[in-house]
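> Next come a sequence and a model predicted from it.
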Amino acid sequence: MAALRRGAAYFFRSSARVLFNCKNTAVHKPRKWTNVLYTGIASLAVGGGLCAVPFKQVEQLSHDSLIRRAASLVTDSSSTFLSQATLALIDAITDYSKAVHTLVALQRRYLTSLGKLSAAEEDSIWQVIVGQRAEVSDRQDECKRFESTWISAVKMCETAAEAAYTSGAEHASITMNTNIQVALSQVEEAQKLSADAEKKLTETKVMEIERMAQHAASVQNNDEEEIPEAYLRED
């Protein structure tokens, strides 16, 4: 700061002498005075230590650079959209899989107890099964809704990645394609779980048809066996 003050004092004394010596010619030659003034200012800047202050040169923004920046922003926002849509879809698929597994367990428990329950117990279990089937249907509709949103997000990200690449923002394009692949992999793993649950549900339905047919045949045989006994009692 002391050096800066000494430089400033020196500048003003020098400027005063120059102004006094050149007052007669200043009107006719203003450009010379301007050059002297600029030279004095430059001397002040160097002598006063102002050159130590970091000045950032302003980048000349071209249309290409502005487009690249905009493309990078688009990939960032698209990645956020894809991330949220992927998370929502995975949670929906997980809830759907859990609901299906619960339904499978209830139906198999019912089939195991078929013929051993009273009418009231069977009706109570069936009420629970019907409610669980409604839960499965609701979860499935939720999966379809989030899947539609997720597909739109994937398409948007693909478009954003392509736009970033053509605009010269290669890094943003590569990052976007990586995010797409990660989202596809995560959803695929979740869909494998739901497919396994649906497979077990299908197997349970086949089992239900077979057990119900066997139970109906057993009841019919019992009824046929009871008829002769009734006739014998009448005789």
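Arrived safely. Numbers count the residues shown, from 1 in each chain.

> Low-confidence bits of the protein, can you list those?
Within the chain, the segments meeting pLDDT under 70 span 1-60, 215-235.

> Where do the domain boundaries of it fall?
Domains of the chain are assigned by automatic domain parsing as 2-51, 66-216.

> mind putting those in TSV, mean neighbour count included?
To be clear about C-beta, it is placed using only N, CA and C from the backbone, and glycine gets the same treatment. Shown next, in TSV, are those (neighbours: other Cβ atoms under 10 Å):
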stretch	mean neighbour count
domain 2-51	12
domain 66-216	16
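
> and L103, what element?
Secondary structure assignment for L103, by DSSP states H and E: helix 63-112.

> Now do that helix: which elements does it pack against?
If contacts are counted by 3 or more Cβ pairs under 8 Å, 6 or more residues apart in numbering; DSSP states H and E, helix 63-112 sits against helix 119-167, helix 170-234.

> what angle separates it from helix 119-167?
Angular relation of helix 63-112 and helix 119-167 on a 0 to 180 degree scale: 160 degrees, by axes from the mean of the first three to the mean of the last three Cα atoms, to 10 degrees.

> please renumber so the chain begins at 42
Fine by me, first position is 42 from now on; the one you just mentioned is helix 104-153.

> Spatially nearest residue to D105 (excluding sequence neighbours)?
Nearest residue to D105 in three dimensions, chain neighbours excluded: G209, at 6.5 Å (Cβ to Cβ, 6 or more residues apart in numbering).

> Quick check on that neighbour: phi, psi?
For G209, the backbone dihedrals are phi 100, psi 0 (criterion: degrees, to the nearest 10).

> close enough to count as contact, it and R109?
Yes: if you go by Cβ atoms under 8 Å, G209 and R109 touch, sitting 5.2 Å apart.

> returning to what we had before: looking at the helices and strands packed on helix 104-153, which is closest to S120?
With Cβ to Cβ as the criterion, S120 lies closest to helix 211-275 of the helices and strands packed on helix 104-153, at 5.0 Å.

> picking that back up, looking at the helices and strands packed on helix 104-153, which is nearest to T127?
helix 211-275 (4.4 Å).

> that older thread, residues touching the residue nearest to D105, list them.
D105, I108, R109 (Cβ atoms under 8 Å, 6 or more residues apart in numbering).

> which one of these is nearest L123?
For those, the residue nearest L123 by Cβ to Cβ is R109; the value is 20.8 Å.

> How about the closest one, nearest residue that isn't a chain neighbour?
A210 (4.5 Å).

> Please report how far the one you found lies from E163.
Distance, A210 to E163, by Cβ to Cβ, to the nearest Å: 65 Å.

> With D136 instead?
Distance from D136 to E163, counting by Cβ to Cβ: 28 Å.

> Same check on Q227?
42 Å.

> swap in S154?
For S154, the distance to E163 equals 8 Å [Cβ to Cβ].
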